[in-house]
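**Q** I'll drop the sequence and a predicted model, then ask my questions.
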Amino acid sequence: MPADHPLRSQRVWTSGVLDRLAPKVYTGRMQNQTTGMSATGVPPHLALANEVADLKEKFEATLAATRAEFGEQFATLPAQVTTAVLAECENNGAVPLTAARVTELMATPAEHAVGQN
């Protein structure tokens, strides 16, 4: 309603009574956290949409915080793992373990069992 609407010239708007009553009115979106009162007559899909919106906000905040804290570490993680594995493992002429070798071992486990002759 525009500020110059004729209804705004009525005493209820000009007397200041609304300003005096405002602190005594509890408001909220779907539920007031202070009183615990919930809105009634609201379609269920609207309540669900509000919950989805709240979850989206929380997810985006968590994602931003995670990226800020771990973003650079994630980028360098593969190199760090490679360095750590190579530092701890020594190649003394043994057959390297590759994806193809693992597939072969899984296909014929009895033939490759350790200690079996």
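**A** Nice, I can see it. Keep in mind it's a predicted model, so treat the numbers as computed, not measured.
**Q** State the helix or strand in which the residue nearest the centre of the chain lies.
**A** Taking C-alpha atoms, centre = their mean as the criterion, F59 is the residue nearest the geometric centre of the chain, at 2.5 Å. Following DSSP states H and E, one finds F59 within helix 44-88.
**Q** same for that helix, what does it pack against?
**A** Taking 3 or more C-beta pairs under 8 Å, 6 or more residues apart in numbering; DSSP states H and E as contact, there are no helices or strands that helix 44-88 lies on. Every C-beta, even on glycine, is put in place using the N, C-alpha and C of the backbone.
**Q** looking at this protein, which helix or strand is least sure?
**A** helix 99-107 (a mean of 72; mean pLDDT, DSSP states H and E).
**Q** and that helix, how far out from the chain's middle?
**A** Distance of helix 99-107 from the chain centroid (C-alpha atoms, centre = their mean, to the nearest Å) equals 38 Å.
**Q** check contacts around A68.
**A** A68 makes contact with no residue, according to C-beta atoms under 8 Å, 6 or more residues apart in numbering.
**Q** what's the distance between it and R29?
**A** 28 Å (C-beta to C-beta, to the nearest Å).
**Q** now A61
**A** 18 Å.
**Q** Over to D54?
**A** 9 Å.
**Q** How about A47?
**A** 10 Å.
**Q** who's more crowded, the two?
**A** A47 (14 against 10; other C-beta atoms under 10 Å).
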